[in-house]
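Chemist: No sequence on hand, only this structure:
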């Protein structure tokens, strides 16, 4: 876009400033108006207008002003990267290393994923005001730095891919278990778009194990979507899902990607381990056939890479199946300070307390989980489980 503008107006400085102003305008308007059907064309048109406005303001450039006002250009747009996809370019723009990692993810979720500030805040377990400030600062940084709207060169990709994958994972998760009380409990539009974009990223980086791992994780998770919510509108936990309703083609593709990564001999990363865990779950034809010892072993590897409280919580769920609810509860109770505002923490405690027949404590934990949960199907399921206690 910059090269095309520079050629058109004969001034690289004007072209660069116009492109930066166009992107800054997009950052301000797209969250409210929505991403246009053709973001690249929108940015090019806006940059043209910005350039013309700039020329008008500079009286000494009257000749160029006249030329700009009369200009029509029917030539095809210049290629903007290895993959001609506007949303991929937008993701890489928002994930520029000049921005802090949390700001990159928040801004991309807002612009590309179309998530609201409350939805993003819930995903990061922070307040709405904190998240709003992060997004505002990220917008200002992009405008001030004149960050270009393009897929970076191959040498630039490693500095951005971590943030790109994290954003795509969060977009997928919001679709798989939507946190907004006024949205559908499962948003196929978000899961499908996250998978589509991850496939495109894999075309850019076919040998990147974490890209392949994230794609496998998404496919194996998406395969279970048809069995995720009951006809009554309640969430159906993994152990109770109708496995005949799972998408066999997606499972086969996901398993193939997991096997390819295992055969490579390279040390697995976070997404590859999560994909492997999901491969174990989807390999069992009945929940009772799940190899929980393998799941725990994979979580043990994951904890070494990502010692976050949420990973520890998920590992504890697997430990409950292998070593018992009392062992798992002892692990989970040590996470109280870190996860007290996270609904899944209280929902997990409620289930474990239920197994241990500590009914009053279980009911209180269900109440807390229901108060924090935003997904309508999950709230319905938790309410049902609580009410069963009497």
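Modeler: Perfect, I can see it now. Note that the structure is a prediction, hence the values are computed from the model and not measured. Numbering: from 1, shown residues only.

Chemist: pLDDT weak spots in the stretch 251-390 of the chain?
Modeler: Applying pLDDT under 70 to the stretch 251-390 of the chain flags no residue at all.

Chemist: 90 - rerun?
Modeler: 262-263, 265, 374-375, 390 (pLDDT under 90).

Chemist: Helices along that one, start to end?
Modeler: Under the criterion DSSP state H, counting those that start in this stretch, the stretch 251-390 of the chain contains helices at 270-283, 292-305, 309-323, 325-333, 336-339, 343-355, 359-372, 376-388.

Chemist: do you know which of the ones you listed lies nearest residue 144?
Modeler: Proximity to residue 144, assessed across the helices of the stretch 251-390 of the chain by Cβ to Cβ, is greatest for helix 270-283 (32.2 Å). Where you see a C-beta, it was placed from the backbone N, CA and C, and this is true even at glycine.

Chemist: circling back: nearest to residue 227, out of the helices of the stretch 251-390 of the chain?
Modeler: helix 270-283 (11.4 Å).

Chemist: neighbours around the closest residue to residue 257 other than its chain neighbours, how many?
Modeler: Leaving aside its chain neighbours, residue 257 sits nearest to residue 216 (3.8 Å; criterion: Cβ to Cβ, 6 or more residues apart in numbering). When neighbours are defined as other Cβ atoms under 10 Å, residue 216 has 28 of them.

Chemist: contacting residues for residue 216?
Modeler: Counting by Cβ atoms under 8 Å, 6 or more residues apart in numbering, residue 216 makes contact with 253, 254, 255, 257, 258, 261, 271, 272, 275, 278, 279.

Chemist: just to confirm, which helix or strand has it in it?
Modeler: helix 209-222 (DSSP states H and E).

Chemist: So, low pLDDT: which residues of the stretch 51-200 of the chain?
Modeler: Using pLDDT under 90, the stretch 51-200 of the chain drops low at 51-164, 166-167, 170-171, 173-190, 193.

Chemist: thinking again about what came up before, how much space between the residue nearest to residue 257 and residue 295?
Modeler: 16 Å (Cβ to Cβ, to the nearest Å).

Chemist: wait, isn't residue 120 in contact with residue 131?
Modeler: Yes: at 5.3 Å, residue 120 counts as touching residue 131 under the criterion of Cβ atoms under 8 Å.

Chemist: Can you work out which residues contact both of those two?
Modeler: residue 106.

Chemist: Give me the number of neighbouring residues for residue 290.
Modeler: Residue 290: 19 neighbours (other Cβ under 10 Å).

Chemist: What distance do you get for it to residue 166?
Modeler: Applying Cβ to Cβ to residue 290 and residue 166 gives a distance of 28 Å.

Chemist: Just the helices from the stretch 1-150 of the chain, written as ranges.
Modeler: Using DSSP H, counting those that start in this stretch, helices in the stretch 1-150 of the chain cover 2-9, 12-33, 39-57, 62-70, 86-94, 101-111, 117-124, 128-145.

Chemist: just to revisit the earlier point, same question for the helix holding residue 216, mean pLDDT?
Modeler: Taken as a whole, helix 209-222 has a mean pLDDT of 97.

Chemist: For residue 290, what are phi and psi?
Modeler: Taking degrees, to the nearest 10, you get phi -60, psi 130 for the backbone angles of residue 290.
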